[in-house]
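**Q** fold the stuff below for me.
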Amino acid sequence: MTIRISVSSSLVLTVCLFVEFAYANPADGYRDAQRIIVITDDEAIHYASFCGFYELRELLTESIENVMDSTDVVGTPKFELRVLAKSGEHKAYVGDHWISTDEGTAMIPSATYKRILKYVEMRKGSGAARSTVSKSVRQILRRIQDPAYVEENMCSKR
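**A** Numbers count the residues shown, from 1 in each chain. This is a model prediction of the structure:
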């Protein structure tokens, strides 16, 4: 009897965990981002801690929440995003009024798209070399995923 209860409990727990992961919001990794790296043709622009980072994170999260499998896009991405959170690395591509992830694509409203582009344009020319992205991602993730890590919020508005 005890074995049946134990097996049944394990089965129920496994199913519950599977259902939770199956319905996990794809925007969670973006919402919890500690760093955002925008990769353009020329450079890798890092965002963290300051007010622009928090607004960019919010704009991306809102956009990712609308991702669907069935949305088709035309054109090539303007830039790649690497979003780094405690949950790991999340990638997206931003094109002309759209954003694409492994989960699908979403159209971005014009006002949101303009704000995202503004943050990228403001920082163009101040990024790191593209060739350093992989190494930077590994170092940043190692630091962010350390249990002792605490987010530094340097935005006086928050």
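
**Q** just give the nearest non-adjacent residue to Y93, would you?
**A** P77 (3.8 Å; CB to CB, 6 or more residues apart in numbering). C-betas here are computed from N, CA, C, even on glycine.

**Q** what are the neighbouring residues in contact with that neighbour?
**A** 93-95, 100 (CB atoms under 8 Å, 6 or more residues apart in numbering).

**Q** just curious, which of these is nearest to D28?
**A** S100 (17.6 Å; CB to CB).

**Q** what about that closest one, distance to L117?
**A** Remark: distance between S100 and L117 (CB to CB, to the nearest Å) = 16 Å.

**Q** of those two, which one has the most company?
**A** S100 (19 against 15; other CB atoms under 10 Å).

**Q** show me what I37 is bridged to.
**A** Under DSSP bridges, the beta-bridge partners of I37 are H46, R82.

**Q** burial check on it, number of neighbours?
**A** There are 23 residues near I37, going by other CB under 10 Å.
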